[in-house]
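1. The amino acid sequence is not available; the structure is as follows:
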């Protein structure tokens, strides 16, 4: 059994590669829900949906999120009337949020709803939210103060400088059912190529999860989301710099060294392998750019062989 900590498009691509080389039923993905928020009265879980759609082979290949062949009639009509259309929800994608909201109002926990949605898409990987309790990533940005993560990431196109992060509600949350068992019982724990600060850190903020990961440190492998000092997608490199971390594989190693024993870095960073090892981690060099399913599967094999 394999357990992966995941959030974002890079993690979803990696999980699809992993499911191509390992029986999907042997994989548990613990997914970040710090990005979750409510809009139009709907409960929206962006990372859970991106992982689900990607593993179902239904994700929009051009964006890495949303659904392939999506239409936008509702958003166009909403925008024409001056409604909130800054966070675009496709017509088919809306069905997911309507279902999640319905089930939440019926009293179902997020973990159960997530399993139901995954089954409806015939996804074999076990997808589990980090918690059934609300945890909200809050971002303090220059000139504005604290705002919600989606306001930062989508509303402002992550173009404003960040001065701090907090995960509201984390201290009162509990791991979702099965999360700790998946970490404790896994043959290998994988930290996907996700933003360490806003995709992985919220998961670790749920009491009990970081402690469980530390106990599995020698069996844990992380993939650096930073290649040659930059993120392929999203603001991970800028956020690291703005919050006082080195935006490099060495900076990632410093964050993960207490938790993970091995770091996979791209060939572009082979020259910094000794610096990664100097932070107390084993360093494995392998191609980490997932330009397609073949490359994602190759990266998954490298992680399993590390």
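-> Structure received. Just so we're clear, the structure is a prediction, and the values are computed from it rather than from any experiment.
2. where along the stretch 151-300 of the chain do the helices fall?
-> According to DSSP state H, counting those that start in this stretch, the stretch 151-300 of the chain carries its helices in the segments 179-185, 201-205, 209-215, 236-242, 249-256, 273-278, 293-305.
3. To residue 71, which of those lies closest?
-> Shortest separation from residue 71 across the helices of the stretch 151-300 of the chain is recorded for helix 293-305, at 25.5 Å, computed as CB to CB. C-beta here means a position set from N, CA and C on the backbone, and glycine is covered the same way.
4. what's that closest one in contact with?
-> Residues outside helix 293-305 that contact it (CB atoms under 8 Å, 6 or more residues apart in numbering) are 13-14, 16-18, 20-22, 188, 190, 221, 223, 264, 284, 286-290.
5. go on, stretch 109-120?
-> Outside stretch 109-120, the residues that touch it by CB under 8 Å, 6+ apart are 31, 33, 45, 48, 52, 55, 96, 99-100, 103-104, 108, 125-129, 131-132, 176-178.
6. Which pLDDT does the model give residue 298?
-> Here the pLDDT value assigned to residue 298 is 97.
7. how many neighbours does residue 243 have?
-> The tally of other residues near residue 243 (other CB atoms under 10 Å) stands at 13.
8. List phi and psi for it.
-> As for residue 243, its main-chain torsions (degrees, to the nearest 10) stand at phi -100, psi 20.
9. who's in contact with it?
-> Contacts for residue 243 were tallied using CB under 8 Å, 6+ apart; they are 162, 163, 164, 165, 197.
10. Now do the contacts for the second one.
-> Read that as residue 163. Under the criterion of CB under 8 Å, 6+ apart, the neighbours of residue 163 are 140, 141, 142, 242, 243.
11. If we use 6 Å, what do you get?
-> Neighbouring residues of residue 163 by CB atoms under 6 Å, 6 or more residues apart in numbering: residue 140.
12. Mind checking which of the contacts of helix 293-305 are in strands?
-> Under the assignment DSSP state E, the contacts of helix 293-305 contribute 188, 190, 221, 223, 264, 284 to strands.
13. Make CSV out of the helices of the stretch 151-300 of the chain and add mean neighbour count.
-> Compiled in CSV, the helices of the stretch 151-300 of the chain are given as follows (neighbours: other CB atoms under 10 Å):
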stretch, mean neighbour count
helix 179-185, 18
helix 201-205, 24
helix 209-215, 17
helix 236-242, 21
helix 249-256, 23
helix 273-278, 16
helix 293-305, 18
